[in-house]
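Visitor: Just to be clear, the model below is a prediction. Sequence and coordinates:
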Amino acid sequence: VHIQTSRALMVISLLLGFFGIIVSVVGMKCTKVGEEDPVTKSRIAVAGGVLFILSGLCTLAAVSLYATQVTYEFFRESAVPVNARFGSALFIGWGAASLTVLGGSLLCCSCPAKERRGQQYYRQSQPSTAREYV
């Protein structure tokens, strides 16, 4: 049962990561997709960051659930050292989950400050004395 649960959590994590990539690309300032308003673009990027954080948490839960089950079976049955029973995939999974949560957190930090929300940025025109009249 724990293996099926871990598989389901990993599939959910992959789907959340995939949609997080798509939403984050749409929310980047350098893309022309979506709204041109910088506040809206940053909110879309924050939504992508939230998807990445959820993906990382699902990965962390799946890997930790499997590691807990392996540890439980070790203490119940065998005398093989714990590190020999843990495969490198578990450590890679913990690292990947940590980096995914960190990346999602950095994307969530791209939200504009409260005092800048709603302000429009316009390019200032030249003063009237600097214009040339022909």
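Guide: Thanks, I have it. Just so we're clear, the structure is a prediction, and the values are computed from it rather than from any experiment.
Visitor: for the protein, what spans make up the strands?
Guide: For the chain, no strands turn up when DSSP state E is the criterion.
Visitor: What is the longest helix of it by residue count?
Guide: helix 38-76 (DSSP state H).
Visitor: Show me what that helix is packed up against.
Guide: helix 2-27, helix 82-85, helix 88-108 (3 or more CB pairs under 8 Å, 6 or more residues apart in numbering; DSSP states H and E). From N, CA and C alone the C-beta is placed, and that goes for glycine too.
Visitor: got JSON lines for the ones you listed, with mean pLDDT, distance to Tyr72 and mean neighbour count too?
Guide: Shown next, in JSON lines, are the helices and strands packed on helix 38-76 (pLDDT from 0 to 100; distance: least, CB to CB, whole Å; neighbours: other CB atoms under 10 Å):
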{"stretch": "helix 2-27", "mean pLDDT": "91", "distance to Tyr72": "9", "mean neighbour count": "16"}
{"stretch": "helix 82-85", "mean pLDDT": "53", "distance to Tyr72": "11", "mean neighbour count": "10"}
{"stretch": "helix 88-108", "mean pLDDT": "90", "distance to Tyr72": "14", "mean neighbour count": "16"}
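Visitor: Could you dump those into CSV and include distance to Arg43?
Guide: Listed next are those as CSV, based on distance: least, CB to CB, whole Å:
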stretch, distance to Arg43
helix 2-27, 7
helix 82-85, 45
helix 88-108, 11
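Visitor: next one: the longest helix of the chain to chain centre, how far?
Guide: Mean-position distance between helix 38-76 and its chain equals 9 Å (CA atoms, centre = their mean, to the nearest Å).
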